[in-house]
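Participant: The following block contains a protein sequence and its predicted model.
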Amino acid sequence: MKKIITVAFFILSAFKGFSQLSFIKDFKELPDPKPANANSWKAVVKGAHSGFVSEDESFDRSAAPAPGQVLKTWKKKAWRGERVNTQLVIYSTLPLNDIKLEVSDLKNKSQQKISKKSVHASFVRYVMTNHLGNLKSGCGITQKLDSSLHADMIDDITSFSTETKSSRPVWLSVDVPEDTQPGMYKGTLKIISKEYTATHPFTIEVLNHTLPPAKDWKFHLDLWQNPYSDARVYGVKPWSEAHFKVMKPNYEMLANAGQKVITATLIEDPWSSQTYDVYGGMIKWMKEKDGAWKYDYTIFDKWVNFMMSLGIDQQINCYSMIPWSLKFIYFDEAAGKNEVLEAKPGSEEYSAHWTRMLKDFARHLKEKGWFKITTIAMDERPEKDMQAAISVIKSADPDFQISMAGNYHEALQATLMDYCVASNQHIPQQVLDERKAKGFITTFYTACPEPFPNTFTSNQYSDASWLCWYALNKNYDGYLRWAYNCWNENPLTDSRFGLWPGGDTYFVYPGGRSSIRFERLREGIQDFEKFKILRAQFQESGKLNEVKQLDDVLKDFEFENLNGTNSNIALEKARHILNSF
């Protein structure tokens, strides 16, 4: 059934009255709603202190770490080409002003070195989050949740000041160059302020293995991008030169984590305005006065070319033929305004509307050389609607590839080149093997239904790495998360949004700022690559005992083994074995 409605569609949310660029550069953390933990400071000697701590631990801003948590040094094994991370915490009974961080070169006994250019120390900032408590799901939360500050944002600022009786984490990472000679490398992290100075030694043992560059990683990372969110937060005109300039740091960070997929939109608002910044359509649909249809791919082409220039060039997923509202906006030249077609999959209106567009889209993609890497993508849609959409797609061009994220449907899997299933779904091993043999991609995703393991700002840091080991256990090719940067109104200070848990809508922060969650996910992807490399080498050389050691460790990575606070246990065991070879 066809219904025409006159609409005014706005691509971007209205600006909220603050100066975007100054806010991104200079902002203050929110007050902590929790009372200061006075007991934690009773055993702390007056003055400032610092030391290394586990990267799995989170620290309250108003509490001192327990004495047993603080270590004098940090030691880590690493492959050449790998990034390794840890935390250090600065805590003081007195204010500290203008703290600076200084790292040294790392040197071995032969004075060979890892340059300090490969070592990065950054302050960790606190954002507001909420806590699900005993809730079994984080979807559609209507009750008031307990909220607190949580250390997550990694901010590469030059200096930082702290208050009386407060703790401040520091994130330390080392990118080991691929040409580094194996051996022990020692360096230091120095903390410098007028009131306090300390030097902390650390050691990286570089193993005789090499991790390929991120662009060559096999892990299929699919974190959905929202460029419309960038435009609003930075206060720039969508698709202007300024827009692409401000987007570059965040999407470079995504490319450096091995991202494979460009998120593109075929229509306006495919997800019924569920995000703070509504997704616009990258293709403009126009019905001309004579009834013919024309499609403008200018924005789509700019977006794809931009992402490819950053190295994200293996796949383009185009959403969505089955939007949640089943409304399709187009410009009617005769009426001189936007109109909306409401049409259900399977109807004549739906088939006609999409068949003519897809035929033209296939032509355009082939001209650009992108057809073979493009999929027509849907998410969480019923099997009946998917079957109807697939029929239209294949009638338009039988060589179109199709992707879907949602529940597992046996009847659909053979037609879906890229199939991402919810974490609670089971795919038979035979099906997985058949899909791999055909070169198909099979991944999994987490979203609001899983309190843990997940990537909310309240989750255990190790959850993000744990998920990549789960992919290994289930023989998946990778992981999908629906929102890399769907920022809320004030993303630098408050990660909560709507009816979902804090952090559900974004991994990283404006201004090219990473997060502990994102870095831990990247660590897990590196583990995935290392596991695959070693297992293939051992299999080829007949080292079946080593193969068994690797395979056995995967058995621990099951959702039912977790309680929300113990994902680090299986992770530590697995990494110990992985780095023992």
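Facilitator: Perfect, I can see it now.
Participant: CA atoms for contacts and neighbours, from now on please.
Facilitator: OK.
Participant: right, and residue 158 touches residue 121 too?
Facilitator: No - assessed by Cα atoms under 8 Å, residue 158 is found out of contact with residue 121, at 10.0 Å.
Participant: can you list residues touching both of the two?
Facilitator: Contact criterion Cα atoms under 8 Å, 6 or more residues apart in numbering; residues shared by residue 158 and residue 121: residue 101.
Participant: With neighbour numbers in mind, choose between these two.
Facilitator: residue 121 (25 against 13; other Cα atoms under 10 Å).
Participant: Leaving out sequence neighbours, find the closest residue to the more buried one.
Facilitator: residue 172 (4.5 Å; Cα to Cα, 6 or more residues apart in numbering).
Participant: What's opposite that neighbour in the beta bridge?
Facilitator: residue 86, residue 121 (DSSP bridges).
Participant: list the contacts for residue 549?
Facilitator: Residue 549 touches residue 577, counting by Cα under 8 Å, 6+ apart.
Participant: coming back round to it: tell me how far the residue nearest to residue 121 lies from residue 182.
Facilitator: Distance, residue 172 to residue 182, using Cα to Cα, to the nearest Å: 21 Å.
Participant: Only the buried residues of the helix or strand that contains residue 549, if you could.
Facilitator: Element membership of residue 549, judged by DSSP states H and E, is helix 544-553. Residues of helix 544-553 classed as buried: 546, 547, 550, 553 (neighbour count, 16 or more other Cα atoms under 10 Å).
Participant: and what of stretch 97-114?
Facilitator: 97, 99-108, 113-114.
Participant: tell me the average confidence for that stretch?
Facilitator: Here stretch 97-114 scores 97 as its mean pLDDT.
Participant: first to last residue in it, what's the distance?
Facilitator: Per Cα to Cα, stretch 97-114 runs 30 Å from first to last residue.
Participant: Residues in contact with that stretch: which ones?
Facilitator: Under the contact criterion Cα under 8 Å, 6+ apart, stretch 97-114 has outside partners 115-117, 119-122, 158-162, 176-177, 180, 183-195.
Participant: And stretch 276-292, by the same measure?
Facilitator: Contacts for stretch 276-292 (Cα under 8 Å, 6+ apart): 11-13, 226, 228-229, 232, 264-271, 273, 293-300, 329-334, 486-489.
Participant: Ok, stretch 207-225 next?
Facilitator: Contacts of stretch 207-225 (Cα under 8 Å, 6+ apart): 77-82, 178, 181-183, 255-263, 311, 441, 443, 477-486, 525-526, 528-530.
Participant: Just the buried residues of the biggest helix by length in the chain, please?
Facilitator: The helix that spans the most residues within the chain, counting by DSSP state H, is helix 516-540. The neighbour-count check on helix 516-540 (16+ other Cα under 10 Å) flags 516-531, 534-535, 538 as buried.
Participant: Okay, domains of the chain per the record?
Facilitator: Using automatic domain parsing, the domain ranges for the chain come out as 37-206, 214-578.
Participant: Select, out of those domains, the one closest to residue 27.
Facilitator: Nearest to residue 27 among the domains of the chain is domain 214-578; the distance by Cα to Cα comes to 7.8 Å.
Participant: for the closest one, the distance to its chain's centre please.
Facilitator: In terms of Cα atoms, centre = their mean, to the nearest Å, the centre of domain 214-578 is set 10 Å apart from its chain centre.
Participant: number of nearby residues for the residue nearest to residue 121?
Facilitator: 20.
Participant: Correct me if wrong: it contacts residue 89.
Facilitator: No - using Cα under 8 Å, residue 172 makes no contact with residue 89, being 10.6 Å away.
Participant: can you confirm residue 389 is in a strand?
Facilitator: No - read with DSSP: H, G, I helix; E, B strand; the rest coil, residue 389 is helix and lies in no strand.
Participant: Name all residues that make contact with it.
Facilitator: Applying Cα under 8 Å, 6+ apart, the residues near residue 389 are 321, 322, 345, 346.
Participant: Against residue 395, how distant is the closest residue to the last one other than its chain neighbours?
Facilitator: The reference is to residue 346. Leaving aside its chain neighbours, residue 346 sits nearest to residue 388 (5.2 Å; criterion: Cα to Cα, 6+ apart). For residue 388, the distance to residue 395 (Cα to Cα) stands at 11 Å.
Participant: and the contacts of stretch 207-225, which are buried?
Facilitator: For the contacts of stretch 207-225, buried by 16+ other Cα under 10 Å: 77-82, 181-183, 255-263, 311, 441, 443, 477-486, 525-526, 528-530.
Participant: Please list the members of these that lie in strands.
Facilitator: Judged by DSSP state E, the buried ones among the contacts of stretch 207-225 include 77-80, 183, 261-263, 441, 443, 478-481 as members of strands.
Participant: Just flag the most distant two among the buried residues of stretch 97-114.
Facilitator: The widest separation within these (Cα to Cα) is 34.2 Å, between 97 and 108.
Participant: Just the residues contacting stretch 122-139, thanks.
Facilitator: So stretch 122-139 is in contact with 29-30, 61, 101, 145-157, 160, 168-172, 448-451, 457-458, 492-496, 499-503, going by Cα under 8 Å, 6+ apart.
Participant: What score does residue 36 have for pLDDT?
Facilitator: pLDDT at residue 36 comes out at 87.
Participant: May I have the secondary structure class of it?
Facilitator: Under three-state DSSP, residue 36 falls in the coil class.
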